[in-house]
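>>> got a predicted model here, sequence first, then my questions.
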Amino acid sequence: MSDEIPLTPVITRTKMTAKMSTPKSAKKRTILTKHFEESYIEEDDETYVYNETMEVDIEEEDNEDFELNSDEDISENSTEVGSVIEDKVDEPVPPQSSVRAFLVKHEIIRKVFHSSIGLITLWLYTLGVKKDQLVVPLGLLFLGVFTNDYIRLHNPSINKIVVEKMWFIIRESEINSYNGILSYLAGLFIVFSILPKDMAVMSVLLLSWADTAASTFGRKFGKYTFQISHGKSFAGALASFFTGIFSSYLLYGYFIPQFNHVNGPQDIFWKPETSKLDLHVYSILCGLIASISEFINLFNLDDNFTIPVLSGFFLYGLVSYFQV
């Protein structure tokens, strides 16, 4: 009897469960549960859920993959099962500095780049750059990024090198898919091609600043407020709202009056003398449009595309409706 193989192989899982965290199903429950830190996931955080719950998922997969239904399967495969699991447990993880891990998890460099586009746009505005002059560069940038992604996605060895070198700008969800920068560039290409100059600039500011504010505050405080839609919290929407108001005051209250000499006759679509909306009401509505554009899910398109396009055309419709 001592030589008999036990019905259930004894598998040590201490290494896989040493960092047990809340499973995805528990984290996706309604907000305002007892444990705030485990009750809500902002949309952008879903990129990193796998890393945080990897140990739990591995154990669940192991339970499914190594379920044995007969004594014969046990006798033939128990040794192999044990070796496979040991390989999984003991597989070395590439070292990563705490600084790099922090930068990746919170997308610090990506958000700085995202936000800097608004500053660059305002700087170009002060130089008198026409919106039509930006269409071709945006199109060329789009083709360049698309070509880079197409090549790396069809060549695993190149993809590995690119991802390693550009870890600060490529999300985990984009390792095997096209980068969100393409959506960013496509959205800007459309608004600068179609909309008046001030509407296009506002679209950039709402994408660059309001979206970043929504993501940042949503991650930090979204767990304390209700969800407007999947991965979109009231905290994020509120941050987007106030950032939209600030952007409107900054553009229409300072930059346009101070640098009006760089504008052509048709460049500025909203003017207080031709609108029923004064600057204060218009700015509040800009904030509202920023929030609405932030949480609208349009055919599951990337919000880097939908935010500038939706906000730009919403603003255009709003101004058109209230023109004198």
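That came through, no problem.
>>> need the contact list for the residue nearest to H261 when sequence neighbours are not counted.
Sequence neighbours aside, G128 is the residue nearest to H261 in space, at 8.0 Å (criterion: C-beta to C-beta, 6 or more residues apart in numbering). (Each C-beta comes from the backbone N, C-alpha and C, glycine too.) By C-beta atoms under 8 Å, 6 or more residues apart in numbering, the residues touching G128 are F259, H261, V262.
>>> out of those residues, who's the most crowded?
The residue in these with the most neighbours, by other C-beta atoms under 10 Å, is V262 (17 neighbours).
>>> would you list the phi and psi of that residue?
Torsion angles at V262 (phi, psi; degrees, to the nearest 10) stand at phi -90, psi 0.
>>> surely it is in contact with L124?
No. V262 lies out of contact with L124 (C-beta atoms under 8 Å); the separation is 9.9 Å.
>>> if we can go back for a sec, next, format the contacts of G128 as CSV and append distance to T212 and pLDDT.
Converted to CSV, those look like this (distance: C-beta to C-beta, whole Å; pLDDT from 0 to 100):
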residue, distance to T212, pLDDT
F259, 24, 96
H261, 31, 93
V262, 26, 94
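>>> for the chain, give me the ranges with low pLDDT.
1-96, 99-107, 168 (pLDDT under 70).
>>> look through it and tell me its longest helix.
Secondary structure of the chain per DSSP state H: the longest helix is helix 132-153.
>>> would you mind listing the buried residues in that helix?
Neighbour-count burial for helix 132-153, counted by 16 or more other C-beta atoms under 10 Å, picks out L134, V135, L138, L141, F142, V145, F146, N148, D149, R152, L153.
>>> output those residues as TSV; include the columns distance to V319.
Listed next are the buried residues of helix 132-153 as TSV, based on distance: C-beta to C-beta, whole Å:
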residue	distance to V319
L134	21
V135	22
L138	23
L141	29
F142	28
V145	32
F146	33
N148	38
D149	36
R152	42
L153	41
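>>> for Y254, state which of these is nearest.
L134 (21.4 Å; C-beta to C-beta).
>>> which SS class is N176?
Counting by DSSP: H, G, I helix; E, B strand; the rest coil, the backbone at N176 sits in coil.
>>> wait, isn't it in contact with L153?
Yes. Look at N176 against L153 with C-beta under 8 Å: they come within range, at 6.8 Å.
>>> which neighbours do those two share?
N159.
>>> what's the longest helix of the chain packed up against?
Helices and strands touching helix 132-153, as assessed by 3 or more C-beta pairs under 8 Å, 6 or more residues apart in numbering; DSSP states H and E, comprise helix 156-165, helix 181-194.
>>> so what are the domain limits for this structure?
With domains defined by automatic domain parsing, the chain comprises 14-90, 99-321.
>>> can I get the contacts of G128 in CSV including distance to S116?
Converted to CSV, those look like this (distance: C-beta to C-beta, whole Å):
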residue, distance to S116
F259, 20
H261, 26
V262, 21
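>>> who are the packing partners of the helix or strand containing L250?
Here L250 sits within helix 234-250, counting by DSSP states H and E. Secondary-structure packing of helix 234-250 (3+ C-beta pairs under 8 Å, 6+ apart): helix 197-205, helix 211-221, strand 227-229, helix 279-295.
>>> flag every buried residue along that helix.
234-241, 243-250.
>>> out of those, the closest to K271 would be?
Set against K271, the nearest of those by C-beta to C-beta is S248 (13.5 Å).
>>> right, and the closest one touches L288 too?
No. In this structure S248 lies outside contact range of L288 using C-beta under 8 Å: 10.7 Å.
>>> just give me the neighbour total for W167.
So W167, with other C-beta under 10 Å, has 16 neighbours.
>>> actually, I268.
I268, neighbours per other C-beta under 10 Å, totals 18.
>>> which residues does it contact?
P196, K197, D198, I256.
>>> for the first one, which non-adjacent residue is closest in space?
Think P196. Closest residue in space to P196, ignoring its immediate chain neighbours: F269 at 3.9 Å, by C-beta to C-beta, 6+ apart.
>>> is S208 in contact with T121, as I believe?
Yes. Counting by C-beta under 8 Å, T121 is a contact partner of S208 at 7.4 Å.
>>> in terms of packing, which of these two has more residues around it?
The residue with more neighbours, out of S208 and T121, is S208; 26 against 23, by other C-beta under 10 Å.
>>> sec struct for the more buried one, please.
helix.
>>> residue contacts, it?
With C-beta under 8 Å, 6+ apart, S208 has these contacts: H114, S115, S116, I117, G118, L119, T121.
>>> among those, which ones are in helices?
Among those, the members falling in helices (DSSP H) are H114, S115, S116, I117, G118, L119, T121.
>>> reformat the residues you listed as CSV; add distance to P308.
Listed next are the ones in helices among the contacts of S208 as CSV, based on distance: C-beta to C-beta, whole Å:
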residue, distance to P308
H114, 12
S115, 14
S116, 16
I117, 10
G118, 11
L119, 16
T121, 11
